[in-house]
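**Q** Sequence first, then the predicted structure:
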Amino acid sequence: MNATRTPVADIPLAAAQGSAAPAASRTATAASTAACASTPALTRLGEVRHDWTTAEVEALFALPFSDLLFQAQQVHRLHHAPNTVQMSTLLSIKTGACPEDCAYCPQSVRWSTGLEREQLLAVTEVRERAAAAKAAGATRFCMGAAWRSPKPRDLELVAAMIREVRALGMESCATLGMLTPPQAQQLKDAGLDYYNHNIDTSPEFYDKIITTRDFQDRLDTLEAVRDAGLKTCCGGIVGMGETVRDRARMLQTLANLPQHPESVPINQLVAVPGTPLADAAKVDPFDFVRTIAVARLTMPASTVRLSAGREQMSDELQALAFLAGANSIFYGEKLLTTGNPDVERDRALLQRLGINGQDVVLEHDDTADEACGHDHGHGHNGHASAGHGHDAGAARA
Ligand code: SF4
């Protein structure tokens, strides 16, 4: 997935445009491409690389909006099928009473948000919800639990849930908080495909949002997850009062990891009353789309997930996000504790845009083979949250 591709700058124009364009159009496109190519950050676009500088990422954010989207859409088509999105359904398997203090999250025990706590769901209920999600068209089932880190008994039950999801022929994703290397391995052994663990924001802004853990804790769990052979789902939140530089630093951090996260959820803050960010200023929709586009350019082969906050977005804004390179959404159910556009609205929007859902082919895995005998292949992306991935009203998932 992270194979190096031909940089956009080296692609003949006709190929980049997909078909023969009128001469005037080609000339205009050539001029735009030439102008962009003079920006140092754009000389290696399309290449999967891990040496991004902050200045390069900031230069992408500074591009004229149309130039940025044009470049992002070209890079998108180098690595992904156009007009295709992956669809996941997210279920909160344990809700509320989390000891962490993430400022965006209604599940923190420290904020009075009126959220009703729920114990860990039974394995049978999770299986039923996953089957319903599959029947509605989801190919991946994501399970989020509001824990700082899972206890041994909890992890055994989550492992049983993962086996049930895989037995349905769906990809599985979990977001359970911080993991040690043996815990990550236990989840891998159960057949887990993805682990969601967001970095949320830049290293510099992190302690303005969370004080009960530090940025390095996130990186340590991500390393444990990668080392266990799990795919990573890792992104962040836009709209928490961060600067453009913070957004650039967040994406630079992700792009310079030893492996790009297979899935990069970009969340728009859902300002939940009772949380410290309840009155956060709304993000300019174009700035949100820019963040999606820069994620696409800095991590060309990754799935970029349009995540929390989608319910507040217009159809037009979602269409712009797809144009900028988003190719995954949460579908149906709830984004952990915050609402998600209903299934019918999503179906109608995708149909109006000519976008298809992506089929799932599960990776070869002995556990899944025994359980369901389905085909195996691969897929992408996981949550989209913020926090460790549970949605947080704000962003999780
Ligand atoms: S985002 Fe996750 S870790 Fe943070 S308070 Fe919410 S549930 Fe807890």
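**A** Right, received. Where do you want to start?

**Q** drop to CA atoms for contacts and neighbour counts, all remaining ones
**A** OK.

**Q** What values do phi and psi take at the residue nearest to residue 121 when sequence neighbours are not counted?
**A** Computed as Cα to Cα, 6 or more residues apart in numbering, the closest residue to residue 121 that is not its neighbour in sequence is residue 93, at 5.3 Å. Main-chain dihedrals, residue 93, degrees, to the nearest 10: phi -90, psi -10.

**Q** give the contact list for residue 93.
**A** 119-121, 126, 143-145 (Cα atoms under 8 Å, 6 or more residues apart in numbering).

**Q** What is the three-state secondary structure of residue 266?
**A** Following DSSP: H, G, I helix; E, B strand; the rest coil, residue 266 is assigned to strand.

**Q** mind listing what it touches?
**A** 235-238, 291-292, 304-308, 384-385.

**Q** Pairing partners for it in the sheet, please.
**A** With DSSP bridges applied, residue 266 shows beta-bridge pairing to residue 236, residue 306.

**Q** Strands of the stretch 101-250 of the chain, residue ranges please.
**A** Under the criterion DSSP state E, counting those that start in this stretch, the stretch 101-250 of the chain contains strands at 140-145, 171-175, 194-196, 231-233, 236-238.

**Q** Over to the stretch 251-397 of the chain?
**A** 263-268, 303-306, 328-330, 334-335, 338-339, 356-357.

**Q** can you tell me if the first one touches the ligand.
**A** Translated: strand 263-268. No. Strand 263-268 does not reach the ligand (Cα under 6 Å from any ligand atom); its nearest approach is 12.3 Å.

**Q** tell me the average confidence for that strand?
**A** Average pLDDT, strand 263-268: 94.

**Q** One more: the second one?
**A** With pLDDT averaged residue by residue, strand 303-306 scores 94.

**Q** Check which helices and strands that strand sits against.
**A** In terms of contact count using 3 or more Cα pairs under 8 Å, 6 or more residues apart in numbering; DSSP states H and E, strand 303-306 is assigned the packing partners strand 263-268, helix 285-298, strand 328-330.

**Q** ok, 7 Å please
**A** strand 263-268, strand 328-330 (3 or more Cα pairs under 7 Å, 6 or more residues apart in numbering; DSSP states H and E).

**Q** quick one: contacts of that strand?
**A** 262-267, 296, 325-329, 380-381, 384 (Cα atoms under 7 Å, 6 or more residues apart in numbering).

**Q** And those, which two are furthest apart?
**A** 267 and 380 (17.1 Å; Cα to Cα).

**Q** Could you pull out the helices in this protein for me?
**A** For the chain, the helices defined by DSSP state H cover 13-17, 23-37, 54-61, 65-79, 123-135, 152-167, 181-190, 215-227, 244-255, 285-298, 315-323, 343-353, 366-372.

**Q** among the ones you listed, which gets the worst mean confidence?
**A** Among the helices of the chain, helix 366-372 scores lowest, at a mean of 31.

**Q** Surely residue 250 is in contact with residue 201?
**A** Yes. Counting by Cα atoms under 7 Å, residue 250 touches residue 201, with 5.2 Å between them.

**Q** ok, residue 83 - contacts?
**A** Counting by Cα under 7 Å, 6+ apart, residue 83 has contacts 354-356.

**Q** Let me have the helices and strands packed on strand 303-306 in a markdown table, extended by distance to residue 64.
**A** Shown next, in a markdown table, are those (distance: least, Cα to Cα, whole Å):
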| stretch | distance to residue 64 |
| --- | --- |
| strand 263-268 | 21 |
| strand 328-330 | 25 |
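
**Q** Single out the most deeply packed of those.
**A** Counting by mean count of other Cα atoms under 10 Å, strand 263-268 has the highest mean neighbour count of the helices and strands packed on strand 303-306, with a mean of 32.

**Q** Convert the C-alpha atoms of that one to CSV, please.
**A** Only the C-alpha atoms of strand 263-268 are listed here, as CSV (Å, rounded to 0.1, in the frame of the first residue of the first chain):
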residue,chain,number,x,y,z
SER,A,263,-6.3,5.2,7.9
VAL,A,264,-6.2,8.9,8.7
PRO,A,265,-9.4,10.2,10.3
ILE,A,266,-9.8,13.9,10.1
ASN,A,267,-12.4,15.0,12.6
GLN,A,268,-14.2,18.3,12.9
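
**Q** Just checking the distance from it to the centre of its chain.
**A** 4 Å (Cα atoms, centre = their mean, to the nearest Å).

**Q** do stretch 295-310 as well
**A** That offset, for stretch 295-310, works out to 6 Å (Cα atoms, centre = their mean).

**Q** Next, the distance between the ends of it.
**A** End-to-end distance of stretch 295-310 (Cα to Cα, to the nearest Å): 17 Å.

**Q** next one: stretch 105-112
**A** Distance between the two ends of stretch 105-112: 11 Å, counting by Cα to Cα.

**Q** Buried residues in it, which are they?
**A** For stretch 105-112, a neighbour-count test (16 or more other Cα atoms under 10 Å) marks 105-111 as buried.

**Q** hmm, who's touching that stretch?
**A** Residues outside stretch 105-112 that contact it (Cα under 7 Å, 6+ apart): 95-102, 113, 115, 146, 272, 274-275, 392-394.

**Q** Contacts only, for the closest residue to residue 198 other than its chain neighbours.
**A** Distances taken as Cα to Cα, 6+ apart put residue 234 closest to residue 198, at 4.4 Å, once the chain neighbours are dropped. By Cα under 7 Å, 6+ apart, the residues touching residue 234 are 196-199, 261, 263-265.
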